[in-house]
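> mind looking at a prediction? Sequence and model below.
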Amino acid sequence: QVLLVESGGGLVQAGASLRLSCAASGRTFNGYPVGWFRQGPGKEREFVTALSWSGGRSDYADSVKGRFTISRDNTKTTVYLQMNNLKPEDTAVYYCAARTLYNSIDRQPSAYDYWGQGTQVTVSS
């Protein structure tokens with residue numbers, strides 16, 4: 001069992017930065033790929049970014065490439081999402097997820113079996 005808890009969301013103006021954190025407890029992230037997803041109002045959950053367990057491979061949605069960065073700490077118990085130059089269209093609930101059954105990153109939400117409760121990010125224009 002992996003328990004994931006996100007934090008760091010909030011209300012910011014366009015152009016600002018936020019850093020989201022996802023803390024793992026229980027089995028931690030050790031050995032698991034992790035991802036960030038988001039769900040805007042009236043929209044389906046969409047892929048934002050993912051990181052391999054080793055940190056050697058990452059993937060980003062085109063909409064966030066160059067503005068968002070995923071990372072994890074050395075203990076592999078916390079995953080971060082640094083979000084720069086935020087835009088109103090980034091407004092969503094952001095979720096972190098862990099993929100424990102396979103060793104590769106994936107863009108599909110269904111590929112991840114553990115999820116956090118989400119943290120709201122609102123970007124005003």
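Everything's here; your move. Not measured: the values here are computed from a predicted model.

> and the residue lying closest to residue 105 once chain neighbours are set aside, what's its pLDDT?
Closest residue to residue 105 apart from its sequence neighbours, by C-beta to C-beta, 6 or more residues apart in numbering: residue 50 at 3.8 Å. C-beta coordinates here come from the backbone N, C-alpha and C atoms, glycine included. You'll see residue 50 listed with a pLDDT of 98.

> again with the one 5 residues further on
Residue-level confidence at residue 55 comes out at 83, pLDDT.

> can you count the residues close to the spatially closest residue to it that is not a sequence neighbour?
The shortest distance from residue 55 to any non-neighbouring residue, by C-beta to C-beta, 6+ apart, is to residue 72 (6.3 Å). Residues near residue 72, counting by other C-beta atoms under 10 Å, number 19.

> tell me the centre residue of this protein?
residue 36 (2.2 Å; C-alpha atoms, centre = their mean).

> hang on, that one packs against residue 96?
Yes. Applying C-beta atoms under 8 Å as the test, residue 36 and residue 96 come out as touching, 5.6 Å apart.

> can you check which residues contact both of those two?
Both residue 36 and residue 96 are in contact with 20, 22, 79, 81, where contact means C-beta atoms under 8 Å, 6 or more residues apart in numbering.

> quick one: the strands in this structure?
2-7, 10-13, 18-26, 34-39, 46-51, 58-60, 68-72, 78-83, 92-98, 114-115, 119-124 (DSSP state E).

> and the second one, what other elements does it pack with?
With contacts taken as 3 or more C-beta pairs under 8 Å, 6 or more residues apart in numbering; DSSP states H and E, strand 10-13 sits against strand 119-124.

> same question, the longest one
Here strand 18-26 touches strand 2-7, strand 34-39, strand 78-83, strand 92-98, strand 119-124, going by 3+ C-beta pairs under 8 Å, 6+ apart.

> okay, the spatially closest residue to residue 100 that is not a sequence neighbour: pLDDT?
Distances taken as C-beta to C-beta, 6+ apart place residue 32 nearest to residue 100, at 5.2 Å, with adjacent residues excluded. You'll see residue 32 listed with a pLDDT of 88.
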